[in-house]
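Peer 1: sequence unknown, structure follows:
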């Protein structure tokens, strides 16, 4: 059972998300709160598998909550999916930099919401398709492309194939189908790449790929 915390200052949004998620056999909403301070407190108390966070909330905004729960300085980070009506590039970059495992727009629909929760719970990351396209174009356009630290050891040819596929937004299953690899092999390659480049999730792998010129 995937345990979920919802944080959003709009009652109807929390009710709607709870109804959608609680209707799934493998998902249980353990708490819903209306502000950032409560989100941090409840998340640390309950240790849910996934936290769904709005960006604009009273007290502490969702980006800061993400940083406190999943940021690079957190010893035992939680999985966070940011769900918002605002898809400003600065929000997306900040959320992912602060450790978010996904970024969705509220109008993405129930199916994508459910898949984002499941993806975060299993260690994957899901970003709304329209955001992904813009995000990758942003990297590819040279706006944030810059020198990046080289891997601790060279990536193998197969690892590079997997990285390129992940950077184009393919899921593990899609990567396996495209490269004729088993799901477990794809996961093994991604885990190896994460260790070599110091990434925490597949979004950071994709960002590294675009920034370093592996994908162009």
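Peer 2: Here it is on my side, so go on. Everything numeric here is computed off the predicted structure, so don't read it as measured data.

Peer 1: and the longest helix along the chain, how far out from the chain's middle?
Peer 2: Secondary structure assigned by DSSP state H gives helix 183-197 as the longest helix of the chain. The chain centroid and the centroid of helix 183-197 are separated by 17 Å, computed with Cα atoms, centre = their mean, to the nearest Å.

Peer 1: swap in stretch 15-30?
Peer 2: For stretch 15-30, the distance between its averaged C-alpha position and the chain's averaged C-alpha position is 19 Å (Cα atoms, centre = their mean).

Peer 1: what are the buried residues along stretch 62-77?
Peer 2: For stretch 62-77, burial by neighbour count (16 or more other Cβ atoms under 10 Å) applies to 62, 63, 64, 65, 66, 67, 68, 69, 70, 71, 77. C-beta: built from backbone N, CA, C; applies to glycine.

Peer 1: show me where the protein has strands.
Peer 2: Assignment of strands within the chain using DSSP state E yields the ranges 2-7, 27-33, 50-53, 79-84, 102-105, 126-127.

Peer 1: now do the longest one, average pLDDT.
Peer 2: I take that to be strand 27-33. Mean pLDDT, computed over strand 27-33, is 97.

Peer 1: kindly report the same for the first one.
Peer 2: Computed over strand 2-7, the mean pLDDT rounds to 98.
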